[in-house]
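[1] using only what follows, build the 3D model:
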Amino acid sequence: MKSPPRSARKIIWIILPIALILLVTWTTLKLRVQPLKRTEMIMGTVVEISVIPADEETIKEAFDAIKKVDELMSTYKPESEVSILNRQGENHLSPQTSQIIQEAIKFSEMTEGAFDITCRPLINLWKRAKKEAKIPTLQEIEEAKRLVSYKKIALEDDLVKFQQPGMQIDLGGIAKGWAVDKAIQALKKRGVRAALVNAGGDLYALGRRGLWKKWEVGIQHPRDQEKILTTIEVSDKGVATSGDYRRYFTLEGRRFSHIVDPRTGETVAEVPMSVTVVAPDATTADALATGIFVLGPEEGMRLIESLPGIEGLIVSEGMRMDSSSGWGEFQKQ
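    As a prediction, this is how the structure comes out:
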């Protein structure tokens, strides 16, 4: 058998090292885009953090940032700053808790009261109704409503006061988004450029999970937990979904969600069924998803279209899907 001509051998010796370099480069890139994933139960939900590339200490710092938010703001922890504020009617707060309350007031003004952290008396009323299997009376709702108004929160430096006895706050509609953003800040300080922090559906996608690939986020079908309604692709965005399908209950043949309209005192169910918001940060996405869910499809979409950098998808009865003008940018084809 004849050996290849000298010219052919030269070409082979040139091609082989190039092919080897390309193979090593591709393998390295492929390894780099495999995220390191860790999951913990925090804030009453599953928190998953995926980082590219990362080490255990980096992910631990991100989880610690979320745990710090929970320690400060949980209404289930008696010694949290929020719990003490609710008991005493006033409290000197850390800069972080003061800041989130100021942010919450901003979203209350933006949604004209559809988002209001002082709605805890109403939340407590409906929790009791669920436990006792009895719909609250109109009088009970009106009494609770008198304790609800973000305008009655007084801020004096680090001191926060309620201007009416019996008021309480609940940061459940914004705290998870805030915690996600704090985790992202911790990751950025460690030099991370690509990560996904997901706290029970409130998330932020940092960078890209590959050279050209954005992070994929599935939006759950509001009436079938086994199905994904649609998938979006995002990079450097916060995403949050509010819906009536995760925590709902039935009384006297009626369906009630865990989300309360601070303006009426009633829970919101069926219209809409879910609201997904894409925003520059997870805090904004979380608060607006809650507020828009309360506003309903028409008012909610008008608000979305009026806000720069905000896009949304609203799912209503009959699986009607209304999306904002820029939603197509994120829709996976």
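[2] contact partners for residue 234?
    Each residue near residue 234 by Cβ atoms under 8 Å, 6 or more residues apart in numbering is listed here: 205, 214, 215, 217, 278, 330. In short, each C-beta sits where N, CA and C put it, glycine included.
[3] restricted to helices, list those residues.
    Among the contacts of residue 234, no member falls in helices (criterion: DSSP state H).
[4] could you list the domains of the protein?
    35-75+172-204, 77-170, 214-333 (automatic domain parsing).
[5] distance between the ends of the longest one?
    In this case it means domain 214-333. Terminal residues of domain 214-333 lie 13 Å apart, using Cα to Cα, to the nearest Å.
[6] over to the first one?
    By Cα to Cα, the extent of domain 35-75+172-204 from end to end equals 15 Å.
[7] what mean pLDDT does that domain have?
    Mean per-residue pLDDT for domain 35-75+172-204: 96.
[8] how far off centre is that domain?
    Averaging C-alpha positions (Cα atoms, centre = their mean, to the nearest Å) puts domain 35-75+172-204 11 Å from its chain's average.
[9] could you do the second one as well?
    A distance of 20 Å separates the centroid of the chain from that of domain 77-170, by Cα atoms, centre = their mean.
[10] hmm, residue 114 is touching residue 262, no?
    Yes. Residue 114 is within contact range of residue 262, at 7.1 Å (criterion: Cβ atoms under 8 Å).
[11] need the residues touching each of the two.
    residue 294.
[12] for residue 170, what are its contacts?
    75, 117, 119, 120, 123.
[13] can you put those residues in a markdown table and add secondary structure and neighbour count?
    As requested, the contacts of residue 170 are exported to a markdown table (DSSP: H, G, I helix; E, B strand; the rest coil; neighbours: other Cβ atoms under 10 Å):
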| residue | secondary structure | neighbour count |
| --- | --- | --- |
| 75 | coil | 18 |
| 117 | helix | 26 |
| 119 | helix | 30 |
| 120 | helix | 22 |
| 123 | helix | 20 |
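[14] just flag the most distant two among those residues.
    Farthest apart among the contacts of residue 170 by Cβ to Cβ are 75 and 119. That separation is 12.0 Å.
[15] closest one of the contacts of residue 234 to residue 295?
    For those, the nearest to residue 295 is residue 278 (17.2 Å; Cβ to Cβ).
[16] count of residues packed around that closest one?
    27 (other Cβ atoms under 10 Å).
[17] for it, give me its contacts.
    232, 234, 237, 238, 239, 285, 310, 311, 312, 327, 330.
[18] check the residue lying closest to the fourth one once chain neighbours are set aside and give its pLDDT.
    Residue nearest to residue 238 in three dimensions, not counting chain neighbours: residue 282, with 3.5 Å by Cβ to Cβ, 6 or more residues apart in numbering. Per-residue confidence at residue 282 stands at 98 (pLDDT).
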